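Colleague: Make a model of this:
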Amino acid sequence: MNKVIMLPIRQKKIADKIVAIGLNLNDFIFTPTSNDWFELRYKQNDFYYIKIINGQYTFQPAQGGLRSAAGSIKSWEASLNCIEIWLIGLKENLEIGNPWETKFDFNEANYFDSYQELLNDNEVQIFSIKLDSFVNKLESLKIETSEIKKDIEHIKEMSSKISKKDIMLLLIGNVTGWFFSALIPSDSINTVWQFVKNLFSSLTAIK
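Modeller: Numbering: from 1, shown residues only. Next up, the predicted model:
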């Protein structure tokens, strides 16, 4: 008789996350260490993995161009949120592949002269409008926003005080935190993250 380390119903929830995002189960190595803790690796590149052990998570890649993420969690639901966040970042990187093999016209993209610059007054106003649009999107998804709005106000306040790079890192950090704390439910993570990417792909134009 095979020893059951993690109940099949929990394993299925993890597998469902992989399938839902459009990846192949056969491309992953799943290693449970208890009914709560596990490691999941992408077979074709050992750099890509998520590990949740003793209430601590580590995964790479993270979203928004970050190499990795780590922290603590307190529930199985939070573990599922971590998996979904990791899978989104993983799929983004897999779809890009090797960017040096693809011709890209940088004139088609809206890049800052320097990410170390501050937003100017007009850009601060546009950024604030985008943040309000983000809150409206969450409310349209029936997501409670009272706690999120407090963070949004802080981001608005900082938008005129720190560099363009740092304000985007602050935004991404807060969005990720809302995912981990389940302020944004797991079934809305992919929708919300895609909306954030599209909305904030440029800080200098309203979409």
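Colleague: Quick check: closest non-adjacent residue to A70.
Modeller: T58 (4.6 Å; CB to CB, 6 or more residues apart in numbering). Using the backbone N, CA and C atoms, a C-beta is placed for each residue, glycine as well.
Colleague: Pull the contacting residues for that neighbour.
Modeller: I50, K51, I52, S68, A69, A70 (CB atoms under 8 Å, 6 or more residues apart in numbering).
Colleague: Try it again at 7 Å.
Modeller: K51, S68, A70 (CB atoms under 7 Å, 6 or more residues apart in numbering).
Colleague: Not counting its neighbours along the chain, what's nearest V175?
Modeller: V196 is the one closest to V175 (CB to CB, 6+ apart), at 5.8 Å.
Colleague: Could you give the backbone dihedrals for the one you found?
Modeller: phi -60, psi -50 (degrees, to the nearest 10).
Colleague: about what we covered before: spell out the secondary structure type for the residue nearest to A70.
Modeller: With DSSP: H, G, I helix; E, B strand; the rest coil as the basis, the three-state label of T58 is strand.
Colleague: how about low-confidence regions in the protein?
Modeller: Across the chain, the ranges flagged by pLDDT under 70 are 1, 64, 97-115, 202-207.
Colleague: And the strands in it?
Modeller: 28-32, 38-42, 49-53, 56-60, 69-72 (DSSP state E).
Colleague: I'd like to check what contacts the third one. Which residues are they?
Modeller: Defining contact as CB under 7 Å, 6+ apart, one finds that strand 49-53 is touched by 33, 37-42, 58-60, 73, 79, 82-83, 86.
Colleague: tell me the domain ranges of this protein?
Modeller: Each domain of the chain is listed here as a residue range: 8-95, 114-199, per automatic domain parsing.
Colleague: for those, which one sits closest to N2?
Modeller: domain 8-95 (10.9 Å; CB to CB).
Colleague: What's the end-to-end length of that closest one?
Modeller: 30 Å (CA to CA, to the nearest Å).
Colleague: again with stretch 63-72
Modeller: Separation of the first and last residues of stretch 63-72 by CA to CA is 17 Å.
Colleague: likewise stretch 69-83?
Modeller: Using CA to CA, the two ends of stretch 69-83 sit 12 Å apart.
Colleague: Please apply the same query to stretch 135-152.
Modeller: 8 Å.
Colleague: thinking again about what came up before, would you mind putting the strands of the chain into JSON lines with distance to S128 alongside?
Modeller: Converted to JSON lines, the strands of the chain look like this (distance: least, CB to CB, whole Å):
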{"stretch": "strand 28-32", "distance to S128": "41"}
{"stretch": "strand 38-42", "distance to S128": "38"}
{"stretch": "strand 49-53", "distance to S128": "34"}
{"stretch": "strand 56-60", "distance to S128": "32"}
{"stretch": "strand 69-72", "distance to S128": "27"}
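Colleague: which residues in the chain form helices?
Modeller: Counting by DSSP state H, the chain has helices at residues 8-20, 76-96, 121-140, 146-158, 164-180, 189-199.
Colleague: Can you spell out which helices and strands pack onto the last one?
Modeller: Counting contacts by 3 or more CB pairs under 7 Å, 6 or more residues apart in numbering; DSSP states H and E, helix 189-199 packs against helix 76-96, helix 121-140.
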